[in-house]
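Peer 1: I need the structure of the sequence given here:
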Amino acid sequence: MRAAVFLAMEEQDKLESKTPLINENLKKSLNTSDGRLVASLILDFLQVFHLYFTEAVFQPELNSLNGLDSRDLVCQDLGLSDVNRNSPLLLELVRRGRHKDTPMFCPEEPSEKQIALACKKFDVYDKESSGSVLTEDVKNILTDLCPSLNKSMLERFVSDELRAADKMSSKAVDLQLFLGMYRRLFAQCRSVVRLVRALCNRSDCSLDHVTSLADGQQTKSPDLDLDEDLDDGDSFFDDPLPKPQKTYGW
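Peer 2: Next comes the predicted model:
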């Protein structure tokens, strides 16, 4: 009996001195705000796609006593929009990062190639090679150079330019005046492009959203169509985990 007691006490000392199964690198990471934020993003991904079994393993393995930040706190910390709760925040981060990595070079002036093309279009309408074109042909040339621009906007632009140059009563426009108009139109379009890009840099806005707002149309937030067929498939994988039963040990 004494031997059994001593053996049991010795075995208990071994168990108490045994190093616990703790991932030290993970523990250090979770003690930082960025590490906890990464874990919160992964947890949000699991919850959005209803990966209950993976989540049931993920959270205990983290062994985080302080817990993870909620989706709302993560959005607030990263400056993300939470319009579409069917989309994981990781996806929004990827989209925003990819957009920021896209080069946003916007030249100050038309390139030599663009100027040469403008002169070539001008020569097409200058059938008599007089160095000038009819005033009503200026809009047609600009339309050929910028086919996506609104025609009524181009008409107003040409009228304003002729009025500023005191050429409203003139029947012809020479090449120098035309090139000046083309450069100013380029500058105005450039300012619009900058505005659209600035709006797109906001996390709650995309290029399609800005374009549709400019057209006066309402847009619907992007959705991953996760609301459909959520109940289909094997219930073993789809049903939530049952609550753990209370167990007793010796």
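
Peer 1: now L134, which residues is it bridged with?
Peer 2: In this entry, L134 is beta-bridged to A172, by DSSP bridges.

Peer 1: got the contact list for it?
Peer 2: If you count contacts by C-beta atoms under 8 Å, 6 or more residues apart in numbering, L134 has them with 125, 171-173. All C-beta atoms are positioned from the backbone trio N, CA, C, and that covers glycine.

Peer 1: Which two among the residues you listed are spaced furthest apart?
Peer 2: Y125 and K171 (13.4 Å; C-beta to C-beta).

Peer 1: who's more crowded, those two?
Peer 2: Neighbour count, other C-beta atoms under 10 Å: between Y125 and K171, Y125 has more, with 17 against 9.

Peer 1: Look up how far P110 lies from A187.
Peer 2: 9 Å (C-beta to C-beta, to the nearest Å).

Peer 1: Over to N86?
Peer 2: 44 Å.

Peer 1: between the two, who's got more neighbours?
Peer 2: Using other C-beta under 10 Å as the criterion, N86 and P110 rank with P110 on top: 19 against 13.

Peer 1: Shouldn't the more buried one be within a strand?
Peer 2: No: counting by DSSP: H, G, I helix; E, B strand; the rest coil, P110 falls outside a strand, being coil.

Peer 1: which parts of whichever strand or helix holds D123 are buried?
Peer 2: D123 belongs to helix 112-125 when assigned by DSSP states H and E. Within helix 112-125, the residues that count as buried by 16 or more other C-beta atoms under 10 Å are 118, 121-122, 125.

Peer 1: Break the chain down into its structural domains.
Peer 2: Under the assignment automatic domain parsing, the domains of the chain span 2-99, 112-199.

Peer 1: Ranked by average pLDDT, which of the ones you listed falls at the bottom?
Peer 2: Among the domains of the chain, domain 2-99 carries the lowest mean pLDDT, at a mean of 83.

Peer 1: give me every residue that touches L145.
Peer 2: Residues near L145 by C-beta under 8 Å, 6+ apart: 117-118, 121, 182.

Peer 1: Could you rerun that using 7 Å?
Peer 2: 117-118, 121 (C-beta atoms under 7 Å, 6 or more residues apart in numbering).

Peer 1: From E128, how far off is it?
Peer 2: In terms of C-beta to C-beta, L145 sits 21 Å off from E128.

Peer 1: Now for E92, how many residues are close by?
Peer 2: 20.

Peer 1: meant to ask about R36, not that
Peer 2: Quick note: R36 (other C-beta under 10 Å) scores 19 neighbours.

Peer 1: so it touches D69, yeah?
Peer 2: Yes: at 6.5 Å, R36 and D69 qualify as touching, with contact defined as C-beta atoms under 7 Å.

Peer 1: Contacts for the helix holding D123, please.
Peer 2: 133, 137, 140-141, 144-145, 175, 178-179, 182.
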